[in-house]
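K.L.:
Dropping a prediction and its sequence here:
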Amino acid sequence: MMFPQFGATAESLNKASTAVFRIGTDAHLYDDPEDVNIAPLLDSKFDSEKCEALKRLLALIAQGFDVSNFFPQVVKNVASQSLEVKKLVYLYLLHYAEKRPNEALLSINYFQKDLGDTNPLVRAWALRAMAGIRLHVIAPLVIVAVQKCARDPSVYVRKCAANALPKLHDLRMEEHASAIEEIVGLLLNDHSPGVVGAAASAFTSVCPDNFSLIGRNYRRLCEILPDVEEWGQIILIGILLRYVIARHGLVKESIMFSLYNKDINNLEEDESYITSKEDAGYSIDKTVSELATMVFQCYIEGPDEYLSRSSSTNRVAPKLDVSQYTSCSNDVVKILLQCTSPLLWSNNSAVVLAAAGVHWIMASKEHITRIVKPLLFVLRSSSASRYVVLCNIQVFAKAIPSLFAPHYQDFFICSSDSYQIKALKLDILSSIATDSSISVIYKEFQDYIGDPDRRFAADTVAAIGLCAQRLPKMATLCLEGLLTLVRQDFFCGEIRSLDGEEGVLIQAIIFIKSIIKLEPSSYEKVIIQLVRSLDKIKVPAARAMIIWILGKYCSLGDIIPRMLSTVLKYLALCFTSEALEAKLQILNTTAKVLLCIKGEDILTVRKIWTYIIELAECDLNYDIRDRSRFLKKLLSSNLESQHGEEENSESQKRDQSHILSECIFGGQTKAVTVPSEPIDYRFYLPGSLSQLVFHAAPGYEPLPKPCSLPYTDLDQYDGASKSDSDEEDNTGTSGSLDEESASDYSSEQSITASGEVTGSDESVSGNEGEDNADPLIQISDTVNVCENQNGGAPSGAAGFRDLMSTKSLESWLDEPARSSKGSEIEQSRVRRSSARITIGNIGGRVKPKCYSLLDPVNGNGLKVNYSFSSETSSISSHLVCLEVLFENCSLEPMFDIVLIEEDYSKSSDSTDQTSSPTENTLKFHVDKPALVSMEEIPSLEPGQTANRTLLVRFHHHLLPLKLALFCNDKKFLVKLKPDIGYFVKPLPLSIEDFKDKESRLPGMFEYVRSCTFNDHILELNKDSNSLTEDKFLVICETLALKMLSNANLSLVSVDMPVAANLDDASGLCLRFSSEILSNSMPCLITVTVEGKCSDPLIVSVKVNCEETVFGLNFLNRVVNFLVEPSVGHL
């Protein structure tokens, strides 16, 4: 280095900048983790020093160092009162408890003590540490602890209990197996999706064949499946599928069962099935049927059965008797398919694949196509996901080619695809090509042949050959393309220097040979063209195959026999310079010609034969020498017979030699139907790792035998009865259907109730006050307001709900954020006071948003709009109320207008006509939303309107519902989009109750987003000339109307800042309360405003909800409609 001082300066600056960026973090622990002061720090009386020492130990563990020598000093700190120290100690113990279990037993008393701690995180840490001690001595204590935590009010503790069960099972304690399985069943019946997902994982590890636990909770598991975390959904889907097959068997309407249990003749009797295949350009192929049969057979047989069947000479697939299948109308099958249908559009590719596997095995032939578009959509994701999905689509396409045949363009190659993905797409395209699509696919293949990756080009040539074999009508077109490829200039000459070109040529000739084999008499000129190209083609393998084709079809037609002598002379001259494989084929071909030649060329061929044999006997390769001696001895009798030297004593030997040579070399040249070899492929369940690695991976289990689970008392649980499942649901969740049905809320009632001021005798109601009444304002200094949250003892259901979510969760999950928020709140209290106001008569100005269901252009003049109603159904808590407006915009009257569900309209002919409409609407259907029948509109005159109320149960709060609108005997398909804002109902609360519930939902149950709000600016500009209108009131009313017009909420309170700056709206706070319709869990919303009144405001929206998925989606919905401009309400 010319200036070393500059290098030193640059290095110092680099270190300095790195140090600056690491200020406030624990990164320095990894720079210099080995500190001799760790032991003294662990014995310090200050918690901060203990935390420093424990963090250094964990940093050493992360870098692979063994710090187990500090175990005694760490264990004694488990009794610390500091949550931070206790958390770090438990992390250390979890790492070394299994390695040093005897020393971990020293702290077992502290673990048991912490199991009764008021903080759920401490209870969970203690349980995890106890389960991590792998000793049979304390196993009974751990089981008791798990049993206790499985009934803990905290969701997090119950989830940890589920995660501890596999660790107990690994100890192989047969005497406690029943107790562990009982805990699994208890957790499977939990109301929390997070606990159910962990319990499903424990079920697969502890008792994967104990389907009685699933039967008791089957309906509940299906209903909670969409809310379980993604990786738990994958496990739960597999469990439910295995249960249905073991309990009810296969679905006889499914394609897999049809192909497995019927032969090809029975398939042809299905006219609809045949028609669909013929329209797609298919002829039902026996090979496809055999492949589909093999796929399904591999799904239900284990490795031992497969090995015994593959080694057996008589490979007969076992037939299923009539008792081993069920119908797709079975309620158990319908609820499984219904609950997995929304998961086909999951963000997780593995969930999509698992749901597709269920429909692939259990769905009927009419509905199996619903898996196609979700699988194709996954192809837009990462490269690894595309590869996994394509491996499964490859099996689907080979078993049922018509499934993906219309979507062949989705499998065209992209430039960014890896070679493995390209190869899979080529194989799928060659499997799904039809007579109608092969022309487009063939043009695409022609472009692929010019790809720089010559291995991929060779695979493309192979795909063209496969298409020609599958579609005989297109064999000529594909053959012409392959011949053109063979005649290209770069194949004529020495191409060994060109990487991969040999493979392209070899693949082309291989499939030309396969096409010729289909009908040899039609391709005599093709054989002649190949033979004429021998002088140009120098690739040994390609020359060997062409020579083989010449010998195989040497007696075909009139031209080939006449050119044999000339071709053999050329081969004899080139013999010494040929490669090993070409020399062997020259010897074989000459022998074949010698056996079949007739006429004048016999002597010429004999001379060529003698010359080639003499060259071969002197060849350096011993295989060539051995082959020449064998052929010379075998054909010697044939040569003597041609001389006419017949002797009675040797005639019999000559006849035997001639027969033997005919058997070896005298193959038939006519097109024959060769029996297809049995398929020896091994297929595995869709989405499994075994499907990718082509062998049974550790942990792989096939599907259970159909109907292997006997009928027991669990039949009453998995049936179609809604009451049974509701009874079980009510035991595990707060609130009940009766409680929800007994109350009927409206926007005006909820707003009026929320507008009442605690401690005041006055109340504001939309019906009592006048439209222009001034709002009642009560000034209170919020700094001096103290809520006594611990004053009352909880009782009943409210007390249990209070225990479920305790305030201590924030100590670990959100401690830094909460502390920072606390400091901000303290600062804001110093700066600002606020006034709590009540907005009068706001209920009458709430205008729910209107959506279009059918516009007049698409509805032949019929216009249909709908809006969500604030009313709640008295029939079921799952039903959402809608107001639908029908308007005739045409000049002619309309008749018989009705809205029904699309799937219900298809199956309406098969429904029981004896039941009344009321019974049908009240009966719970799992396979479709319980859409209460709408009152039909007999007629609608031009310009006339009609209103109807609909009660709908959506699949999910994000998925639209497909409906069919009938008018004048015409059907219009429409989609009803849900609004998550109306999946809640108002929950009137006082400000004290609101804050109490909010304090019980911190940390992971709290979600915050910010957005910009502009609607108030327009309202302020309208009232700019009014001196009486207060800016703060305008902002409050605008925000409140925006919230109440887009969600079914109750306004709890409005806190308005009291400050010297009248244009500063910072600190304005609105609180709204609601509860989820399906489970009555509270959902609280706090809207805080920052900014100036005349400028766009920064609005912070906070949602507190125990249902994580619902809370996040609800927060996104609130932010979206606050940002959207709206029509003025004031």
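P.N.:
Received the coordinates, thanks. Numbering: from 1, shown residues only.

K.L.:
now for stretch 1011-1019, what's the gap between its first and last residues?
P.N.:
The first residue of stretch 1011-1019 is 19 Å away from its last residue (Cα to Cα, to the nearest Å).

K.L.:
Return the set of buried residues in the helix or strand that contains residue 1019.
P.N.:
Using DSSP states H and E, the element containing residue 1019 is helix 1015-1022. By 16 or more other Cβ atoms under 10 Å, the buried positions in helix 1015-1022 come out as 1015-1017, 1019. Where C-beta positions appear, they are placed from N, C-alpha and C, glycine not excepted.

K.L.:
How about stretch 505-512?
P.N.:
Quick answer for stretch 505-512 (16+ other Cβ under 10 Å): 505-512.

K.L.:
Which members of those occur in helices, if any?
P.N.:
Counting by DSSP state H, those place 505-512 in helices.

K.L.:
export the residues you listed to CSV and tack on pLDDT and distance to residue 959?
P.N.:
Output for these, formatted as CSV (pLDDT from 0 to 100; distance: Cβ to Cβ, whole Å):
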residue, pLDDT, distance to residue 959
505, 88, 53
506, 89, 52
507, 89, 47
508, 89, 50
509, 91, 53
510, 90, 49
511, 88, 47
512, 90, 52
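
K.L.:
Tell me the one of the buried residues of stretch 505-512 nearest residue 229?
P.N.:
Taking Cβ to Cβ as the measure, residue 229 lies nearest residue 507 of the buried residues of stretch 505-512, at 46.9 Å.

K.L.:
Isn't the closest one up against residue 461?
P.N.:
Yes. Using Cβ atoms under 8 Å, residue 507 is in contact with residue 461, at 4.1 Å.

K.L.:
From the recorded domain assignment, give the ranges for this structure.
P.N.:
1-25, 26-228, 382-665, 736-742+753-783+801-840+987-1123, 850-906+921-978 (automatic domain parsing).

K.L.:
For those domains, give me TSV that also has distance to residue 709.
P.N.:
Output for those, formatted as TSV (distance: least, Cβ to Cβ, whole Å):
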stretch	distance to residue 709
domain 1-25	55
domain 26-228	5
domain 382-665	27
domain 736-742+753-783+801-840+987-1123	30
domain 850-906+921-978	20
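
K.L.:
what about these, which gets the closest to residue 243?
P.N.:
Using Cβ to Cβ, the nearest of those to residue 243 is domain 26-228, at 4.4 Å.

K.L.:
so how far is that closest one off the chain centroid?
P.N.:
30 Å (Cα atoms, centre = their mean, to the nearest Å).

K.L.:
Tell me which residues touch the nearest residue to residue 1093 once chain neighbours are set aside, please.
P.N.:
Of all residues beyond its chain neighbours, the one nearest residue 1093 is residue 1031 (4.3 Å), with distances taken as Cβ to Cβ, 6 or more residues apart in numbering. By Cβ atoms under 8 Å, 6 or more residues apart in numbering, the contact list for residue 1031 reads 1020, 1062-1063, 1065, 1093-1094.

K.L.:
mind checking which helix or strand residue 989 is in?
P.N.:
Per DSSP H and E, there is no helix or strand for residue 989.

K.L.:
Repeat that for residue 1011.
P.N.:
strand 1006-1013.

K.L.:
Please convert the contacts of residue 1031 to CSV, extending it with distance to residue 708.
P.N.:
Output for those, formatted as CSV (distance: Cβ to Cβ, whole Å):
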residue, distance to residue 708
1020, 72
1062, 77
1063, 75
1065, 68
1093, 71
1094, 73
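
K.L.:
Those, buried ones only, as a ChimeraX selection?
P.N.:
Here is the ChimeraX command that picks out the buried ones among those, judged by 16+ other Cβ under 10 Å:
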select :1065,1093
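
K.L.:
Kindly indicate which of the contacts of residue 1031 lies nearest residue 698.
P.N.:
Using Cβ to Cβ, residue 1065 comes nearest to residue 698 of those, at 62.1 Å.
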